[in-house]
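> Output the structure for:
(2 chains)
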Amino acid sequence: MPQGDYIERHRRDYGYRPDHFERKRKKDAREVHKRSQIAQKAIGIKGKMIAKKNYTEKAQMKRTIAMHEESTSRRKADDNVQEGAIPAYLMDRENTARAKIISNTIKQKRKEKAGRWDVPLPKVRPVAEDEMFKVVRTGKRKTKQWKRMVTKATFVGPGFTRKPPKYERFIRPTGLRFTKAHVTHPELKCTFNLEIIGVKKNPNGPMYTSLGVMTKGTIIEVNCSELGLVTPAGKVVWGKYAQVTNNPENDGCINAVLLV
Amino acid sequence: MVQYNFKKITVVPNGKEFTDIILSRTQRQTPTVVHKGYAISRLLQFYMRKVKYTQQNFHDKLSAIIDEFPRLDDIHPFYGDLLHVLYNKDHYKLALGQINTARNLIGKIAKDYVKLLKYGDSLYRCKTLKVAALGRMCTVIKRIGPSLAYLEQIRQHMARLPSIDPNTRTVLICGYPNVGKSSFINKITRADVDVQPYAFTTKSLFVGHTDYKYLRYQVIDTPGILDRPFEDRNIIEMTSITALAHLRAAILFFLDISGSCGYSIAQQAALFHSIKSLFLNKPLIVVCNKTDLQPLEGISEEDRKLVMEMKAEALKTIVGQGDEPTDSDSVLLTMSTLTEEGVTAVKNAACERLLNQRVEIKMKSKKINDCLNRFHVAIPKPRDQKERPPCIPPAVLEAKAKQTAEEEKRKTEKDLEDENGGAGVYSMNLRKHYILASDEWKEDILPEILDGHNVYDFIDADILQRLEELEREEGLRQAEIEDDDFEMDGTELAPEQQATLAAIRKRKSLLIQRHRMKKSTAESRPTVPRKFDKDKQYTSERMGRQLSSVGLDATLAIKRMRSRSVSRRGRKRERSPETRSADGGDGMDIDGDTASKKQRLSRSRSRSVSRAPNEVVPGEGFRDSAQKGKAIKLAKKSVKKRNKEARRGEADRVIPNLKPKHLFSGKRSSGKTDRR
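Numbers count the residues shown, from 1 in each chain, chains lettered A, B, ... in the order given. Model (predicted):
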């Protein structure tokens, strides 16, 4: 035993107290009651934290119990078979019901009308102009109000130079300019930090697209050369579209999902 | 900074605890209430403060960790190497490096988010930004969780390392496993090292301390080393090698000449030769242990040759140090830790050699010259050629010799005890040395308690004599008492004496009564000093009356009392000492009619007479009583109007405490603080 192990040395020389094991057993038995008492009496933030921790434990426990209760034996799934049902390999195209065709055409027409894209977030909350811009008063008497400052996250390209300050109508502050986005691949479920190449479309309007404002639902183009994707022809894919899934001005970062 | 106290490192919390601590501290120590109606600048300040505060705390705690863990390059190479052997320098540095990067990352996060917060325009936006910032900081800490756990383990182990001082006098014990190193250190120091028959019982370095020539030496016991190539050595052996390599110590190489450790002398000699490069410049002693099983003379020829080779090597270390004669005895020593013969000889030899070497080195170093100039051994100059050796009277010499002979001859109680079985088995006969009148009484059993009393309290050698004396005294006293009583009978007195006796008795009873009354009402009566005596009990007239009623002349007493109670006024110093000295002889004679000049000159007053209002007291500064009277009048006039109108005066000033601190600061434990 090393010289510095005081606890073990004491135990070796003097042993335990006569009632040590008894006390330990009783103390451990009391732990349960003590824990429940604390959980009941704690108020404020501490109470909330304890409740949350207990809830996650309870949920986890339920899940494990359910898992254990799953029977290992596999039984045959005895679904009721409908009248006139035939297996898939016997189905002919001509037998498709008419109604289905009609409903399909209607859906197609509706889609084309709405101009919806096949994207993860098809619908987003519209952002009003006064939410997007802040009025900046200028002039000697601060009466002119034609300038606007963007309050959302923006993207400006690498070769961007401002217009002369006297003439620029829209101010995009440096603190709100982002160059990188955290892009998640929907199938691989992993996230990469990729550079933004440009803003493709902002659902709130073409003006925002041209300004480069990124809000929730915006389609951006990211540089995915890191991912090493290759086209069937053999060319390397270096840019892909992604859709923004969070509010960047609230979180300080841009989270997007790759559109495959 | 050189730091050998690894126990002072603060505990490293693990990842989850760390974030909990910091976040709950932020929640407690920063303002918690904010509403969305507040001015935007106030909202921004509120949230920025939280982000900065959290970052600051993380920074402080992580910096503390980085600073307190020792840097392996800054400490003594012995400790540096030891820590490398035990914990792997690279892992250690990596872990600390990760902590450092985490600290920088957190700083950057805080900076970025504070910059973003400046563009916040609503409470919700600021709040979510703050949540994002804190969340990111906590993720950074979660990622370094394994490093924190590793550092905590290292810290716990480091705190239990033996405290070895690399710079002081050290004796190092090395050799094969199971040769008797730990038994040796158990014998000479108080270290309690495990001794077991299997090899590698000692798995780490052990330290013990021993004294020699009033100096303290550390003795370090190392785990056994096997004869292997350097790369194959395991961690335990590496600790011994580290100690051998870096500590400037006297080395005791232990040799088991009986072979009961399982290794032959040839193997041990091979080990010696493979590590002899580590013995350079260090006093080396080859110790042959377990001589009770196999004496040194009895070993075989080739073994003897090997041992002599080792001794030659060891001799080289002496000769290398210069001016030490071939004291071959102090290089190869034999001992047995079981029978304890030779143990102290080995220790003394090692300590002596080490001390000499250290002294030599110190003498040769440059620093000694500064000190040498200050040393001076004073030798008295001989004034003539006569020899004066120390003179010891022959009687003293004889006594000394006799004493030593006696000590050797005398059998001590401890020897008896050892003979008869040891401390637990034999208890000495305490009655053996009793000095009694008759020797047969030594073994008698004496009762200790009789009828509830201690017998010893009643034992006395000359008790009969004392009884006689007491009785004589009693007889005398009885006689006395009878005489006294005889006197006290009232019928023998003359009538006047009887009257005075009656008066005295009456007065005495009166006093007793009055005292009793006073005592009974003592609680409700205020204790007033005598000068405010309103009953006028202690006046001089009363005293005069009482004294005269008894029949004494009271006038002188009254005069004396009055003169003593003169009011304290500034008295002029006596200017003419000769007049005083003329009276000096009589000055003490107060009962006579002459009063001293002082008393005659000063005005004697008793305390009960008050002063005239306009009387000029010498210290006040008034010219005469008219001026004083005018001053008094002016003072009264100035105050009259204010008093009449009942306005606040000078004595009515008060400094209020309008904002007591306890009502206007601090958080409340439960409830809100919006009412102050």
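
> can we go C-alpha only for contacts and neighbour counts from here?
OK.

> Chain neighbours aside, what residue packs nearest to the residue in the stretch 1-150 of chain A positioned nearest to chain B?
Nearest residue of the stretch 1-150 of chain A to chain B, counting by C-alpha to the nearest C-alpha: A:Gly4, 4.3 Å away. The shortest distance from A:Gly4 to any non-neighbouring residue, by C-alpha to C-alpha, 6 or more residues apart in numbering or on different chains, is to B:Arg160 (4.3 Å).

> Pull up the gap between the one you found and A:Pro2, please.
Using C-alpha to C-alpha, to the nearest Å, we find B:Arg160 at a distance of 8 Å from A:Pro2.

> Ok, B:Arg216 next?
Distance of B:Arg216 to A:Pro2, computed by C-alpha to C-alpha: 23 Å.

> How about B:Ala312?
Applying C-alpha to C-alpha to B:Ala312 and A:Pro2 gives a distance of 35 Å.

> Kindly report the same for B:Val639.
Taking C-alpha to C-alpha, one finds B:Val639 at 89 Å from A:Pro2.

> Looking at the two, which one has more neighbours?
Remark: of B:Val639 and A:Pro2, A:Pro2 carries more neighbours, 17 against 11, as counted by other C-alpha atoms under 10 Å in any protein chain shown.

> residues in contact with that one?
Neighbour list for A:Pro2: B:Thr202, B:Lys203, B:Ser204, B:Leu205, B:Phe206 [criterion: C-alpha atoms under 8 Å, 6 or more residues apart in numbering or on different chains].

> Could you export those residues as JSON lines, including distance to A:Gly205?
Output for those, formatted as JSON lines (distance: C-alpha to C-alpha, whole Å):
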{"residue": "B:Thr202", "distance to A:Gly205": "79"}
{"residue": "B:Lys203", "distance to A:Gly205": "75"}
{"residue": "B:Ser204", "distance to A:Gly205": "74"}
{"residue": "B:Leu205", "distance to A:Gly205": "76"}
{"residue": "B:Phe206", "distance to A:Gly205": "78"}
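
> Identify those among these that sit within helices.
Counting by DSSP state H, none of the members of these fall within helices.

> So which of the residues you listed reach chain A?
Contacts with chain A are made by B:Thr202, B:Lys203, B:Ser204, B:Leu205, B:Phe206 out of those, judged by C-alpha under 8 Å from any C-alpha of the partner chain.

> Number of residues surrounding the closest residue to the last one other than its chain neighbours?
Leaving aside its chain neighbours, B:Phe206 sits nearest to B:Asp221 (5.0 Å; criterion: C-alpha to C-alpha, 6+ apart). For B:Asp221, the number of neighbouring residues by other C-alpha under 10 Å comes to 27.

> With B:Ile173 as the reference, measure out to B:Asp221.
The value you get for B:Asp221 to B:Ile173, if C-alpha to C-alpha is used, is 5 Å.

> Where is the longest strand in chain A?
Across chain A, the longest stretch assigned as strand under DSSP state E is strand A:191-201.

> before we move on, back to that, next up, identify which helix or strand the residue of the stretch 1-150 of chain A closest to chain B is on.
For A:Gly4, there is no host helix or strand (DSSP states H and E).

> okay, it: pLDDT?
With respect to pLDDT, A:Gly4 scores 83.

> In three-state terms, how would whatever residue of the stretch 351-500 of chain B ends up closest to chain A be classified?
Residue of the stretch 351-500 of chain B nearest chain A, by C-alpha to the nearest C-alpha: B:Gly424 (19.4 Å). Three-state call for B:Gly424 (DSSP: H, G, I helix; E, B strand; the rest coil): coil.

> Report how many residues lie close to A:Asn223.
Using other C-alpha under 10 Å: A:Asn223 sits among 19 other residues.

> now the one 10 residues further on
Taking other C-alpha under 10 Å as the neighbour definition, A:Ala233 ends up with a count of 6.

> related to what we said a few turns ago, mind listing what the residue nearest to A:Gly4 touches?
A:Gln3, A:Gly4, A:Asp5, B:Lys7.

> what's the closest of the residues you listed to A:Ala51?
B:Lys7 (37.6 Å; C-alpha to C-alpha).

> nearest residue to the closest one other than its sequence neighbours?
Closest to B:Lys7 by C-alpha to C-alpha, 6+ apart is B:Ala159, at 4.5 Å.

> Repeat that for A:Asn246.
Spatial nearest neighbour of A:Asn246, chain neighbours left out: A:Lys216 (5.4 Å); criterion: C-alpha to C-alpha, 6+ apart.
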